[in-house]
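Student: Sequence and predicted structure are below.
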Amino acid sequence: MPEKYSPSPSHNLEEDLDLDQEEMNYIGDMVEVIDDQDDDEQDEMMEEDEEAAENDDIVTEFNRHEGSVFCGSLTNDGKLAATGGEDDMAYVWDTSSGEIIHECKGHKDSLIFTEFNHDNTYLATGDMSGIINVWRMSDKARIWDYNMGDATWMKWHSQANVLFAGSVDGEIYMWKIPSEECKVFQGYGQRTETATLTPDGKRLIAGYEDGAIRVLDLKEGTVQVTIPAGLAHTAAITDLDCQIDGKLIISAAVDGKTVLSTTQNGKIVSILQDLQGNKTVNMEAGPADDESESKDDWVEAVAFCKDPELPLVATGTLNGEIFIWDSCKQAIRHKITQENGVSKLVWLGTTPFLFSAGLDGVMRYYDGRTGRCIKSLWFHTEGILDLCISRDGKKILTTSDDSSARISDVPEC
């Protein structure tokens, strides 16, 4: 069983979050690139894996949504799932039987957020119109609701009953649940696109429509670091993640760039990729043959490996390429080509195993150390939109454009 990843909680963290008040480099000298898709033996192994993956890998199918299922979450033990979709509905359901435990009514737009808090005592559901509901899991009662206006993302704190949400207007809200104490980080006229927490839970890293990145001090309610638009990125941020030691940020944007920067002062450490400038590190293939294709390509998902002894970071593109990098050397380790684009990347706990959600409906399972595809699981008939692994490392939830959600067991390594 994979080791469970649980950051050490800071002392009285909820009290700490008081709601009252170097040069830029393109990488030149790289370690050897292993392009796994050019290896005939590897291709044959992947094909065999794909052919062997049958629907009996699916433990439970959930088909009660009408339209796309945009988001999902699992309790820590994987026994309950919460999913939300285009039908303005969120459901809590049993992952063994598919039985509906609770219908989360009261939303007026597509659900973009359904997530259990850190200890599964609450579930938060949020839609695009900005209606947020918090449900107490012990009796399924709605204990808090708020309408913030058009929303872009929502997120629970990893260690405390604190909820965050980003608005189209650029403000970031922070509530303590269930007391309803609120703090608002003011925007600056740019839509906030996504956010991630530092592992210590003390800072929030937010990405904006113009390519800017801000590091927010949650206790002080201030902007600690700003990476202005034009320095790292010139277009909307698509994804962010923070290294397990809290020192590095990886960011990706619609401009095709993937950038490593520091949380301490926002210094740009390196530009790992510049897909639209044809500076992607791909020494085997060289520059893209079709410039128009490169202009439409960018990294959609980024994720640091959570093993502090294994400095790996993965990036996945809209065109279906996965790059696995050595974050210490800022050097590419493996390049993998999938049949279709990547919507999300998730490492399994603190292990070196990486799950990829494909826009072709396939979930793929890789060994990040070798780039080998361990298994391909043909779960959906349309693109996978969300992928979640239970904290105990036993269950996987996928949601899709095909109006369904699927539960499977984590495959053996």
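Tutor: Good, I have the coordinates.
Student: CA atoms for contacts and neighbours, from now on please.
Tutor: Fine.
Student: To what extent is residue 308 buried, counted in neighbours?
Tutor: Close neighbours of residue 308, defined as other CA atoms under 10 Å, add up to 12.
Student: How about the contacts made by it?
Tutor: Residue 308 sits next to 244, 245 when contact means CA atoms under 8 Å, 6 or more residues apart in numbering.
Student: would it count as being in a strand?
Tutor: No. Under the criterion used here (DSSP: H, G, I helix; E, B strand; the rest coil), residue 308 is coil, not part of a strand.
Student: Please state the offset of stretch 388-406 from the chain centre?
Tutor: The chain centre lies 13 Å from the centre of stretch 388-406; the measure is CA atoms, centre = their mean, to the nearest Å.
Student: Mind listing what's buried along that stretch?
Tutor: 388-406 (16 or more other CA atoms under 10 Å).
Student: Repeat that for stretch 361-378.
Tutor: Buried residues in stretch 361-378, counted by 16+ other CA under 10 Å: 361-368, 371-378.
Student: can you tell me which of those are in strands?
Tutor: 362-367, 372-378 (DSSP state E).
Student: Output those residues as a markdown table; include the columns pLDDT.
Tutor: Shown next, in a markdown table, are these (pLDDT from 0 to 100):
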| residue | pLDDT |
| --- | --- |
| 362 | 96 |
| 363 | 96 |
| 364 | 96 |
| 365 | 95 |
| 366 | 97 |
| 367 | 97 |
| 372 | 96 |
| 373 | 95 |
| 374 | 94 |
| 375 | 93 |
| 376 | 93 |
| 377 | 92 |
| 378 | 92 |
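Student: Which pair of those residues spans the longest distance?
Tutor: Within these, 367 and 378 form the most distant pair, 18.4 Å apart (CA to CA).
Student: quick one on the thing from earlier: in a markdown table: the ones in strands among the buried residues of stretch 361-378, plus distance to residue 96.
Tutor: Formatted as a markdown table, those follow (distance: CA to CA, whole Å):
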| residue | distance to residue 96 |
| --- | --- |
| 362 | 21 |
| 363 | 20 |
| 364 | 22 |
| 365 | 22 |
| 366 | 26 |
| 367 | 28 |
| 372 | 30 |
| 373 | 27 |
| 374 | 25 |
| 375 | 22 |
| 376 | 22 |
| 377 | 19 |
| 378 | 20 |
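Student: thinking again about what came up before, filter the buried residues of stretch 388-406 down to just the ones in strands.
Tutor: Mapping the buried residues of stretch 388-406 onto strands (DSSP E) picks out 388, 389, 395, 396, 397, 398, 399, 400, 405, 406.
Student: now those as JSON lines including distance to residue 319 and pLDDT?
Tutor: Shown next, in JSON lines, are these (distance: CA to CA, whole Å; pLDDT from 0 to 100):
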{"residue": "388", "distance to residue 319": "22", "pLDDT": "98"}
{"residue": "389", "distance to residue 319": "24", "pLDDT": "98"}
{"residue": "395", "distance to residue 319": "28", "pLDDT": "97"}
{"residue": "396", "distance to residue 319": "24", "pLDDT": "97"}
{"residue": "397", "distance to residue 319": "23", "pLDDT": "98"}
{"residue": "398", "distance to residue 319": "20", "pLDDT": "98"}
{"residue": "399", "distance to residue 319": "20", "pLDDT": "98"}
{"residue": "400", "distance to residue 319": "18", "pLDDT": "98"}
{"residue": "405", "distance to residue 319": "24", "pLDDT": "98"}
{"residue": "406", "distance to residue 319": "24", "pLDDT": "97"}
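Student: how many other residues sit next to residue 322?
Tutor: Look at residue 322: counted by other CA under 10 Å, it has 24 neighbours.
Student: Just give the nearest non-adjacent residue to it, would you?
Tutor: Spatial nearest neighbour of residue 322, chain neighbours left out: residue 316 (4.4 Å); criterion: CA to CA, 6 or more residues apart in numbering.
Student: three-state assignment of that neighbour?
Tutor: Look at residue 316: counting by three-state DSSP, its state is strand.
Student: does residue 276 sit in a helix, a strand or a coil?
Tutor: Three-state assignment for residue 276 (three-state DSSP): helix.
Student: isn't it right up against residue 297?
Tutor: Yes. Shown here, residue 276 and residue 297 form a contact pair, counting by CA atoms under 8 Å, at 6.8 Å.
Student: hmm, back to that, just the ones in strands among the buried residues of stretch 361-378 now: which is nearest residue 137?
Tutor: The closest of those to residue 137 turns out to be residue 363 (CA to CA; 29.7 Å).
Student: contacting residues for the closest one?
Tutor: Counting by CA under 8 Å, 6+ apart, the residues that residue 363 touches are 355, 356, 357, 376, 377, 378, 379, 384.
Student: Pull the contacting residues for the last one.
Tutor: By CA under 8 Å, 6+ apart, the contact list for residue 384 reads 343, 357, 358, 359, 360, 361, 362, 363, 398, 399, 400, 401.
Student: What's the per-residue pLDDT of the first one here?
Tutor: Spelled out, it's residue 343. In this model, residue 343 is scored at 97, pLDDT.
Student: Next: the second one.
Tutor: You'll see residue 357 listed with a pLDDT of 98.
Student: For it, pull up the helix or strand it's in.
Tutor: strand 353-358 (DSSP states H and E).
Student: Distance from the chain centre to that strand, please.
Tutor: Centre-to-centre, strand 353-358 and its host chain are 11 Å apart (CA atoms, centre = their mean).
Student: what's the angle from it to strand 372-378?
Tutor: Per axes from the mean of the first three to the mean of the last three CA atoms, to 10 degrees, the angle that strand 353-358 makes with strand 372-378 is 40 degrees.
Student: just checking, what packs against strand 353-358?
Tutor: Applying 3 or more CA pairs under 8 Å, 6 or more residues apart in numbering; DSSP states H and E, one finds that strand 353-358 contacts strand 342-347, strand 362-367, strand 384-389.
Student: Give me the angle between the last one and strand 362-367.
Tutor: Taking the same axes, to 10 degrees, strand 384-389 and strand 362-367 form an angle of 40 degrees between their directions.
Student: Strand partners (parallel or antiparallel) of strand 384-389?
Tutor: Strand 384-389 sits in its sheet next to strand 395-400 (antiparallel), going by DSSP bridges.
Student: where does the stretch 201-350 of the chain have low pLDDT?
Tutor: Residue ranges of the stretch 201-350 of the chain with pLDDT under 70: 278-295.
Student: ok, which stretches of it are helices?
Tutor: 291-295 (DSSP state H, counting those that start in this stretch).
Student: That's all I had, so thanks and see you.
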